[in-house]
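S.K.: Sequence and predicted structure below; questions after.
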Amino acid sequence: MGTKPRIIVCGLGRAGYQVFRLLKQQGALVKGINNRPLPEPDPDVIIGDLRHAATLIAAGVKEADTLVLASSDDALNLAVLTQARVLNPAIRIINRLFNTSLGDRLDFTLPNHVSMSVAGLAASVFAFTALGNRAIGQLKLFDQTWPMREEHIDDDHPWLGRKLSSLWEDRSRMLIYYLPADNRMDLVSAVVEQKVLQVGDRLILATTPFVRSDRRSWQEAVVRLSIRFKQFWQHIGPTLAGLALLLTLIWGATFIYSNASLRHSLVDSLYFAVGMITGAGGQEQVAEEASDQIKLFTVTMMLIGTGVIGICYALLNDLVLGSRLKQLWQVVPPPRRNHCIVCGLGGVGIQTARQLQASGCEVLVIEHDPNNRFLNTLRSLRIPLIVGDASLPSTLQDARITEAKALIAVTSNDVINLEIALTAKGLAHKLPVIVRNQDPQFAPLAQRVFDFEAVLSPADLAAPSFAAAALGGRILGNGMAGNCLWVAIATLITTGHPFFGKTVQQSAIEADFVPLYLESKYRVAHGWTLLEAILQEGDALYLTMPASRLELLWRSNPTAVSAQAEASALDYRLWTVDS
């Protein structure tokens, strides 16, 4: 058996310390680096400047296999990245970056570099919970993100007495792991031996995400159209009013000039009125040959016309060349019912709104800062926004909270999130409310006392993904159940692989993993066919297993699945056609 990988976690903030703790819990050889002492000293933590070569060398960067950059500062992570690559060009980097576009470029440019975002990882769980999926993790397969959940079999559970083999063939879910109450038995053995679920058994599974879609009635479509028309009028109304005033002045002056002189036609009077009011001039004899009263009227109209023309030009320029026309096209009517309200437009908020919209749910965002940096992103997604304080009942009423599907409070302030959630519960006590909170001890208590749907911490939700990525392989998903980290991983079968030449069933029982599906050159195998398949060179095996047992795969130094296998494995049609 090979040596476990040596891992360094750099930046032990909230998320970093969680990653460090999880890796130690899974038995990895891990060192931590932090710029200040921890509340509880740890002999495996080096204190010093994260960017200095001496600090990295003291942590063993030259011999390490993986470096996890877990600081919340993108600039600091990039500085540590460059220093670490100078000291160890082959080290694998797991980089926490808020700037996801920069992370994509680094992944493309640098070998052995994986960028990850706490906000992006946590947003999926927030969105799943808002849509009714109780998630403990996530799994990305077939162009979908599947929520993971744990089923605890009790006396009232509908699966009590059901055979595990019946769940094995269900295409709407994937079995991840099995923890029997009476003895230690792996899932594949339990499926093959037709074992039934008993009281106390725990089953971890991933399910296809679902969204309750609501068809809009034609009455609601008419209401939304009227709202859009009202918004359109609010934008263009002042310009039309200015143009109407200008035309009134022109036609009024034309009428007076044509009646004051019998020598000039209506067209001559109109020509002079337009030239006089706009300042262009023309047909001045209409006024020169008129009486003194008409000349005084002309002077008055010149002064009034100058002001009206100036106002009309300003309104037209603002409408055509300024921001009003752009705002007109960007205005999105707020949803009226069955929508999700996201309070707080930070990194987690914008990612959660994006996830909800991608799942087919209507979204409304409430943000108090009119200059928030994500406003342009929100407009490009065509998600409606209310600028205001979400903790005020009037703001939530404007968001039609009584007609909403769920509310998600994800500002960066835990106290404000709690205030928003309590205000929402006061207005709609049956509304599912999901709250962001960083305190792991407060979260379960608040969820029970205030009857919130969930109280979640982004750092705690994202930490297992960072830990799983640090342990190696191409991570497809992960989840936590109790103190055990479950990892979904893809491994390429080679002639030196420990599973080569064995059946999937035999390998799964020996290594205690759960096969998800097998992709060979010609087909995708799953279900009972998967268990009978013999693993050959070039096969891509997708599986889940405890992170602590990943060392079984390190013996052969497995590589990631080839680009061709990865592209075709994500094609959901292969799954449906083969089934």
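M.R.: On my side now, so go ahead. Residues are numbered from 1 along each chain as shown.

S.K.: tell me which element Arg149 is part of?
M.R.: Per DSSP states H and E: Arg149 is located in strand 144-152.

S.K.: Show me which residues of that strand are buried.
M.R.: Thr145, Trp146, Pro147, Met148, Arg149, Glu150, Glu151 (16 or more other CB atoms under 10 Å). For glycine as for every other residue, the C-beta is placed from the backbone atoms N, C-alpha and C.

S.K.: Who are the packing partners of it?
M.R.: helix 118-130, strand 137-141, strand 202-207, strand 474-481 (3 or more CB pairs under 8 Å, 6 or more residues apart in numbering; DSSP states H and E).

S.K.: about what we covered before: out of the buried residues of strand 144-152, who's nearest Gly527?
M.R.: Nearest to Gly527 among those: Trp146, at 16.9 Å, using CB to CB.

S.K.: what separates the closest one from Thr495, distance-wise?
M.R.: 32 Å (CB to CB, to the nearest Å).

S.K.: Tell me which helix or strand comes right after the strand holding Arg149.
M.R.: Following strand 144-152 toward the C-terminus (DSSP H and E): helix 164-168.

S.K.: Can I get that following helix as PDB, trimmed to CA atoms?
M.R.: Output of helix 164-168 as PDB, limited to C-alpha atoms (Å, rounded to 0.1, in the frame of the first residue of the first chain):
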ATOM      1  CA  LEU A 164     -32.400  -2.800  -1.000                       C
ATOM      2  CA  SER A 165     -32.400  -4.400  -4.400                       C
ATOM      3  CA  SER A 166     -35.600  -2.600  -5.300                       C
ATOM      4  CA  LEU A 167     -33.900   0.700  -4.600                       C
ATOM      5  CA  TRP A 168     -30.800  -0.300  -6.600                       C
END
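
S.K.: Can you give me the buried ones in that helix?
M.R.: Leu164, Leu167, Trp168.

S.K.: Relative to Glu367, which of those is nearest.
M.R.: Leu167 (43.0 Å).

S.K.: which residues sit in contact with that closest one?
M.R.: Counting by CB atoms under 8 Å, 6 or more residues apart in numbering, Leu167 makes contact with Trp159, Arg173, Leu175, Leu203, Leu205.

S.K.: from those, which would you call buried?
M.R.: Arg173, Leu175, Leu203, Leu205.

S.K.: so where's the stretch 101-250 of the chain shaky on pLDDT?
M.R.: Scanning the stretch 101-250 of the chain for pLDDT under 70 picks out 133-138, 142-143, 209-235.

S.K.: related to what we said a few turns ago, so can I have TSV of the buried residues of strand 144-152 showing distance to Thr278?
M.R.: As requested, the buried residues of strand 144-152 are exported to TSV (distance: CB to CB, whole Å):
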residue	distance to Thr278
Thr145	61
Trp146	67
Pro147	66
Met148	70
Arg149	71
Glu150	76
Glu151	77
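
S.K.: so which of the residues you listed comes closest to Val118?
M.R.: Looking across the buried residues of strand 144-152 and measuring by CB to CB, the closest to Val118 is Thr145, at 16.2 Å.

S.K.: wait, doesn't that closest one sit right on Leu139?
M.R.: Yes: if you go by CB atoms under 8 Å, Thr145 and Leu139 touch, sitting 7.3 Å apart.

S.K.: confidence score at His52?
M.R.: Note on His52: pLDDT of 93.

S.K.: Count the residues that sit near Val433.
M.R.: 27 (other CB atoms under 10 Å).

S.K.: That one: what's it in contact with?
M.R.: Taking CB under 8 Å, 6+ apart, one finds Ala406, Leu407, Ile408, Ala409, Ala421, Ala424, Lys425, Phe452, Glu453 in contact with Val433.

S.K.: any idea how far it lies from Val342?
M.R.: Distance from Val433 to Val342, by CB to CB: 12 Å.

S.K.: joint contacts of these two?
M.R.: Common neighbours of Val433 and Val342 (CB under 8 Å, 6+ apart) are Ile408.

S.K.: quick revisit: considering the contacts of Val433, which possesses the most neighbours?
M.R.: Ile408 (33 neighbours).

S.K.: how about the strands in the stretch 201-350 of the chain?
M.R.: Secondary structure of the stretch 201-350 of the chain (DSSP state E, counting those that start in this stretch): strands located at 202-207, 339-343.

S.K.: Nearest to Thr491, out of those strands?
M.R.: Of the strands of the stretch 201-350 of the chain, nearest to Thr491 by CB to CB is strand 202-207, at 18.3 Å.

S.K.: so that closest one versus strand 144-152, what angle?
M.R.: 160 degrees (axes from the mean of the first three to the mean of the last three CA atoms, to 10 degrees).

S.K.: Which other helices and strands does strand 202-207 contact?
M.R.: Looks like strand 202-207 contacts strand 144-152, strand 173-179, strand 474-481 (3+ CB pairs under 8 Å, 6+ apart).

S.K.: chain center to the shortest one, what's the gap?
M.R.: The reference is to strand 173-179. 26 Å (CA atoms, centre = their mean, to the nearest Å).

S.K.: ok, and what's touching it?
M.R.: 139, 141, 146, 148, 164, 167-168, 185-187, 190-191, 201-208, 479, 481, 486, 488, 514, 516, 544, 546.

S.K.: One more: stretch 245-257?
M.R.: Under CB under 8 Å, 6+ apart, the answer for stretch 245-257 is 264, 266, 269-270, 272-274, 276-277, 286-287, 290, 294, 297, 301, 304-305, 308-309, 312.

S.K.: Just the ones of these in helices?
M.R.: 266, 269-270, 272-274, 276-277, 286-287, 294, 297, 301, 304-305, 308-309, 312 (DSSP state H).

S.K.: Mark which of the residues you listed are buried, thanks.
M.R.: 269-270, 272-274, 276-277, 286-287, 294, 297, 301, 305, 308-309, 312.

S.K.: and which of those residues is nearest Pro39?
M.R.: Cys312 (67.0 Å).

S.K.: Name the nearest residue to that closest one, sequence neighbours excluded.
M.R.: Gly242 (4.5 Å; CB to CB, 6 or more residues apart in numbering).

S.K.: What separation do you get for that neighbour and Val267?
M.R.: 25 Å.

S.K.: So these two - more neighbours on which side?
M.R.: Neighbour count, other CB under 10 Å: between Gly242 and Val267, Gly242 has more, with 19 against 11.

S.K.: What residues of the helix or strand encompassing Gln18 count as buried?
M.R.: In this structure, Gln18 sits in helix 14-25 according to DSSP H and E. Neighbour counts using 16+ other CB under 10 Å place Arg14, Ala15, Gly16, Tyr17, Gln18, Val19, Phe20, Arg21, Leu22, Leu23, Lys24 of helix 14-25 among the buried residues.

S.K.: I'd assumed Leu69 was in contact with the second one.
M.R.: No: contact between Ala15 and Leu69 fails when scored by CB under 8 Å: they sit 10.9 Å apart.

S.K.: what residues are shared contacts of those two?
M.R.: Common neighbours of Ala15 and Leu69 (criterion: CB under 8 Å, 6+ apart): Arg96.

S.K.: So what does Val365 look like in phi/psi?
M.R.: phi -110, psi 140 (degrees, to the nearest 10).

S.K.: can you tell me which residues contact it?
M.R.: With CB under 8 Å, 6+ apart, Val365 has these contacts: Ile341, Val342, Cys343, Leu345, Gly349, Ala353, Leu378, Ile383, Pro384, Leu385, Ile386.

S.K.: ok, the residues you listed vs Gly60, which is closest?
M.R.: Of the contacts of Val365, the one sitting nearest to Gly60 (CB to CB) turns out to be Gly349, at 38.3 Å.

S.K.: residue contacts, the closest one?
M.R.: So, once contact is read as CB under 8 Å, 6+ apart, Gly349 ends up touching Val342, Cys343, Val365, Glu367, Phe374, Ile408, Val410, Thr411.
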